[in-house]
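1. Okay, structure incoming, though there's no sequence with it:
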Ligand code: G1P
């Protein structure tokens with residue numbers, strides 16, 4: 001039986017340059033979609049999939065993330081005094097009982113692979129998930145939950161992918177699959193941000209991974225890759241030489257909230273669905289585009 005996955009790494013040390021000036025002093029992961037920061041969507045997805053240890057790989061400019069997942073005594077005291085029990089409850093449930101937050105610093109921005117490697121001591125010899133909060137995934141069954149099913153069936157690493165236009169291949173890790181691929185299957189190869197003519201398929205990696213602890217050995221030895229950074233994709237390519245990894249085209253829609261357009265699309269989708277504001281927002285949008 002596969003070891004249960006209870007740890008998730010959230011690499012949040014990135015500078016968010018695609019979203020300047022909003023991210024000059026605020027972490028990009030704290031940008032809200034309607035009323036909830038991006039990082040909280042990713043954390044909720046992880047908790048729904050059974051994660052109980054949230055490991056944030058952070059940097060000096062990201063203190064707001066730690067504060068968000070900590071108690072805010074003054075706020076909670078005042079909400080209680082004012083009898084705002086629903087708000088108090090909402091604030092107190094951001095991290096449910098039985099879930100722990102752990103913070104690890106990434107001292108230098110040496111890439112996603114390096115960020116994951118920074119969490120090695122905390123993860124130890126256990127399988128773990130990696131969630132990139134920029135990628136907000138809207139799905140009936142949370143993406144990580146869909147991936148867990150395959151992890152338990154195959155006892156191997158699982159990587160979420162989606163179809164992209166071939167001209168976009170240079171933004172993503174791209175996988176190669178065999179002719180039996182029907183939305184999921186073993187990954188034959190993986191390459192970071194290939195040129196369209198070099199891309200092995202149109203299946204791009206999105207920011208959700210379940211990885212075995214073996215990946216750390218590969219992360220520790222891969223040389224700097226694309227952009228001079230330690231790439232998680234390169235370590236997965238190296239892992240494939242000794243372990244199988246599965247790809248899954250998840251059911252759901254991914255919004256690239258690290259880009260302004262993706263962020264606006266997510267805001268509109270979730271805004272329209274908001275229980276209190278949805279109807280009014282829909283009416284406004286209809287008027288605005290007519
Ligand atoms: C990272 C990964 C890339 C993956 C992407 C998904 O790239 O390196 O393989 O496809 O996340 O969002 P980044 O977006 O950090 O450049």
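-> Arrived safely. Note that the structure is a prediction, hence the values are computed from the model and not measured.

2. Closest residue of the protein to the ligand?
-> Using Cβ to the nearest ligand atom, residue 173 is the residue of the chain that sits closest to the ligand, at 2.7 Å. The way it works is simple: take the backbone N, C-alpha and C, and place the C-beta from them, glycine included.

3. Can you list the residue ranges for helices in the stretch 51-200 of the chain?
-> Assigned by DSSP state H, counting those that start in this stretch, the stretch 51-200 of the chain shows helices spanning 63-68, 73-81, 85-92, 112-118, 120-123, 143-154.

4. Determine if any part of the longest strand that the chain contains is in contact with the ligand.
-> When the chain is parsed with DSSP state E, its longest strand is strand 203-211. Yes - counting by Cβ under 6 Å from any ligand atom, the ligand is contacted by strand 203-211 at 204-207.

5. Now do that strand against helix 143-154, angle only.
-> Orientation check (axes from the mean of the first three to the mean of the last three Cα atoms, to 10 degrees): strand 203-211 against helix 143-154 gives 70 degrees.

6. Which elements pack onto strand 203-211?
-> strand 128-131, strand 135-138, helix 143-154, strand 157-163, strand 173-176, helix 232-239 (3 or more Cβ pairs under 8 Å, 6 or more residues apart in numbering; DSSP states H and E).

7. What parts of the chain come near the ligand?
-> Checking the chain against the ligand by Cβ under 6 Å from any ligand atom, the hits are 112, 132, 135, 172-173, 192, 204-207, 231-233.

8. residues near residue 26, how many?
-> Residue 26: 16 surrounding residues under other Cβ atoms under 10 Å.

9. In three-state terms, label it for me.
-> Counting by DSSP: H, G, I helix; E, B strand; the rest coil, the backbone at residue 26 sits in coil.

10. Just the pLDDT at the residue nearest to it when sequence neighbours are not counted, thanks.
-> Closest residue to residue 26 apart from its sequence neighbours, by Cβ to Cβ, 6 or more residues apart in numbering: residue 64 at 6.6 Å. With respect to pLDDT, residue 64 has a value of 94.

11. Count residues in the vicinity of residue 64, would you?
-> Residue 64, neighbours per other Cβ under 10 Å, totals 14.

12. That one and residue 41, how far apart?
-> 16 Å (Cβ to Cβ, to the nearest Å).

13. Equivalent analysis for residue 9, please.
-> Taking Cβ to Cβ, one finds residue 9 at 16 Å from residue 41.

14. Among these two, which residue is more densely surrounded?
-> Neighbours per residue (other Cβ under 10 Å) separate residue 9 from residue 41, with residue 9 holding more: 28 against 24.

15. what secondary structure does that one sit in?
-> Applying three-state DSSP: residue 9 is strand.

16. ok, what's across the strand from it?
-> Residue 9 has these beta-bridge partners by DSSP bridges: residue 55, residue 130.

17. Surely the residue nearest to residue 26 and residue 27 touch.
-> Yes - between residue 64 and residue 27 a contact is recorded at 5.6 Å, counting by Cβ atoms under 8 Å.

18. Skip the chain neighbours and tell me the closest residue to residue 135.
-> residue 207 (3.7 Å).

19. Reformat the residues of strand 203-211 next to the ligand as TSV; add pLDDT.
-> Converted to TSV, those look like this (pLDDT from 0 to 100):
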residue	pLDDT
204	98
205	98
206	97
207	97
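
20. Now the buried members of those residues.
-> The neighbour count (16 or more other Cβ atoms under 10 Å) marks 204-207 as buried among the residues of strand 203-211 next to the ligand.

21. per-residue pLDDT, the residue lying farthest from the centre of the chain?
-> Seen from the C-alpha centroid of the chain, the residue lying at the greatest distance (Cα atoms, centre = their mean) is residue 81, 36.5 Å away. On pLDDT, residue 81 comes in at 96.
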